[in-house]
Structure formats: structure tokens, C-alpha cells
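Novice: Got a predicted structure here, sequence first:
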Amino acid sequence: MSQLHGTTILVVRKDGKVALGGDGQVSIGDTIVKGQAVKVRTLKGGKVLAGFAGAVADALTLYEKFEEKLDRYPGNLPRAAVELAKDWRSDRILRRLEALLVAADREHSFLISGTGELIEADDGLLAIGSGGNYALAAARALIDLPGLSAREVVERAMAIAAEICVYTNDHVTVLELT
């Protein structure tokens with residue numbers, strides 16, 4: 001997978017709750033052009049959370065295609081994710097999209113890419129984007145601390161990533177499934 005610059009998306013599953021956070025920075029090259037973008041959203045009436053890293057127009061196309069798959073396979077996130085990955089890899093136009101997508105429902109969390117990767121988290125943690133590895137490491141360090149909710153782990157891990165990654169800021173949008 002190629003490294004996509006300009007965002008950090010983190011999903012955390014803890015104690016039966018799921019939180020997905022994304023920073024708000026939009027960068028073109030080494031220039032920050034926006035600080036309060038929203039790169040995460042709820043789908044299917046709040047039953048699925050999704051976030052993207054990469055080109056915005058490409059991500060919007062992916063959201064649209066993913067929602068079509070969710071409509072076709074209602075309540076079956078794994079099947080919808082598999083079908084999106086298959087289409088994304090095989091379609092001449094879709095395979096040129098430069099983005100990564102994470103999606104989560106109450107039971108599953110997936111990273112989906114146009115190169116055929118469809119990865120389900122073993123430990124309930126997934127991250128993408130240029131600051132993804134920083135956020136993921138921080139979340140792994142925080143996940144077992146008593147008293148922290150999934151949301152709080154996302155908030156703290158994203159704050160740590162923002163301190164380290166120049167392509168990540170501290171304007172974070174967090175969505176939850178409870």
C-alpha cells in the first residue's frame with residue numbers, strides 16, 4: 001500500500017463500543033490548505049462508520065459505491081466490503097482512485113483498498129493515512145488503560161498523532177456506535 005499524506009483516521013473497538021476519528025487537515029504537497037475538514041461519516045442511518053484517507057473526490061466516489069454495496073447487502077458489512085474491494089480492484093475507472101477506506105459496524109472493522117487489501121482488525125484497532133501508524137501505536141498503548149472509553153482512546157491517540165505527524169492536526173471529528 002502506498003503512503004497517503006494529509007490525514008489520519010483511527011477506529012477503536014472497546015467494551016462493545018466503536019469510535020472512529022479523523023483529523024481535519026487538508027494538505028497539498030507541504031502546504032496546509034484547510035484545517036477543519038470532516039473525513040469521517042455515518043452511513044446506513046448511523047449503523048456503519050466510515051473514514052477515508054486520500055484524494056477527496058476519490059473518497060466521495062468510494063463512499064457512494066460503498067453505500068450501494070451496503071444497500072445491496074443490508075446488515076452485512078463483511079460482504080459489502082468484499083464486493084467493494086472486488087469492484088475497486090477490477091473496474092478500470094475505480095482502480096485509479098487514490099484513497100483508502102476504513103469502515104466499522106458493531107461487529108467488524110475493515111480497511112479497504114483499491115489494490116485488493118481487505119483487512120479486518122485482530123485487536124479492534126485500525127488506522128490509515130500519513131499519521132495512521134502514530135495513532136495506531138498510541139491507541140495500542142492506551143487501549144488497556146482502565147476507565148478509558150473507545151472515544152477517549154481515539155481522542156488521546158489522535159492528539160498524540162497530531163503532535164508527531166506534520167500532515168495531521170488536532171481538529172478531530174469523532175463518531176461513535178454504542
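Specialist: All right, it came through fine.

Novice: packing partners for the strand or helix carrying Gly22?
Specialist: Using DSSP states H and E, Gly22 sits in strand 17-23. On a contact count with 3 or more CB pairs under 8 Å, 6 or more residues apart in numbering; DSSP states H and E, strand 17-23 meets strand 8-14, strand 40-43, strand 48-54, strand 99-104, helix 150-164, strand 172-177. Using the backbone N, CA and C atoms, a C-beta is placed for each residue, glycine as well.

Novice: helix or strand right after that strand?
Specialist: strand 26-28.

Novice: contacts for that next one?
Specialist: His5, Gly6, Thr7, Ile32, Val33, Lys34, Gly35, Ala37, Val56, Tyr167 (CB atoms under 8 Å, 6 or more residues apart in numbering).

Novice: from these, which single one is nearest Leu49?
Specialist: Closest approach to Leu49 among those (CB to CB): Thr7, at 15.5 Å.

Novice: how many neighbours does that closest one have?
Specialist: Neighbour count for Thr7, taken as other CB atoms under 10 Å: 30.

Novice: pLDDT at it, what is it?
Specialist: On pLDDT, Thr7 comes in at 86.

Novice: No further questions, thank you.
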